[in-house]
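> Sequence unavailable; structure follows:
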């Protein structure tokens, strides 16, 4: 399997987005989940997180299942913005993006009672003026330092990525969607075993993202 620069973005890519959060501030590893949420995968993920006593960050779309959104918030996890739909921001106007950000923030606030401060663009693709818009809305963009590719590859390939790239400070990306439902628990189990074997700490997004 070829190595993609998007698994662990190199420093020259990060340098173009200096206001973006790429790693945790305390050396811990952070579990983040993109998309949806979808009821089936959400149930699997939340049960696993509860068993391991882990707090995670969920980047959600405003079109996601409302019941799943409430379950995530009630379980003490952090809801964050992934736009209203999973549409690429590159194909949206600035007004459309800002409207979608605000509407999704309002949804998150209404469900969780917490003001949304974090954003991840769909597909991890930034858009022109993103830093300015984040400053305007008092938000921060959170990307990653370890993309698992669980949405595309089979378990064996995903675990190979985790095994090779997991390290101190990683913000890890997994996905909450129908493609990952059949394999997400096995992937998370493997990730947890690597964290333990490498003596890494698991972070809480409420603390380890503050810059």
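Cool, the structure landed. What you are looking at is a predicted structure, and each value in this text was computed from that prediction instead of being measured. Numbering: from 1, shown residues only.
> and the residue nearest to the spatial centre of the chain, helix, strand or coil?
What sits nearest the mean C-alpha location of the chain, by CA atoms, centre = their mean, is residue 32, with 3.6 Å. Applying DSSP: H, G, I helix; E, B strand; the rest coil to residue 32 yields a three-state assignment of strand.
> got the contact list for it?
56-59, 120, 142, 144, 171-174, 205 (CB atoms under 8 Å, 6 or more residues apart in numbering). C-beta coordinates here come from the backbone N, C-alpha and C atoms, glycine included.
> Name the member of those residues with the most neighbours.
Within the contacts of residue 32, neighbour counts (other CB atoms under 10 Å) peak at residue 58, which reaches 28 neighbours.
> and the helix or strand containing that residue, what's its mean pLDDT?
Residue 58 is part of strand 57-60, with elements assigned from DSSP states H and E. Mean per-residue pLDDT for strand 57-60: 98.
> And the next helix or strand past that strand?
helix 66-74.
> what's that following helix in contact with?
36-39, 42-43, 46, 58, 60, 79, 107, 111-114.
> mind listing the helices in this protein by residue range?
Taking DSSP state H as the test, the helices found in the chain are 11-14, 39-52, 66-74, 94-112, 130-136, 155-165, 184-197, 205-208.
> can you put the ones you listed in CSV and add mean pLDDT and distance to residue 20?
Below are the helices of the chain laid out as CSV (pLDDT from 0 to 100; distance: least, CB to CB, whole Å):
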stretch, mean pLDDT, distance to residue 20
helix 11-14, 85, 7
helix 39-52, 98, 25
helix 66-74, 97, 24
helix 94-112, 97, 15
helix 130-136, 96, 8
helix 155-165, 96, 19
helix 184-197, 98, 23
helix 205-208, 96, 15
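> nearest to residue 149, of these?
Among the helices of the chain, the nearest to residue 149 by CB to CB is helix 155-165 (6.0 Å).
> Would you mind listing the buried residues in that closest one?
In terms of neighbour count (16 or more other CB atoms under 10 Å), helix 155-165 has its buried residues at 158-159, 161-162, 165.
> Equivalent analysis for stretch 79-97, please.
For stretch 79-97, by 16+ other CB under 10 Å, it's 79-84, 89, 92, 97.
> same thing with stretch 179-196?
Across stretch 179-196, burial judged by 16+ other CB under 10 Å covers 180-181, 183-184, 187-188, 190-192, 195.
> State the distance from residue 14 to residue 8.
10 Å (CB to CB, to the nearest Å).
> The two: who's more crowded?
residue 8 (18 against 14).
> check contacts around the closest residue to the more buried one other than its chain neighbours.
With CB to CB, 6 or more residues apart in numbering as the criterion, residue 8 has its nearest non-adjacent residue at 5.0 Å, and that residue is residue 165. Residue 165 makes contact with 7-8, 146 under the criterion CB under 8 Å, 6+ apart.
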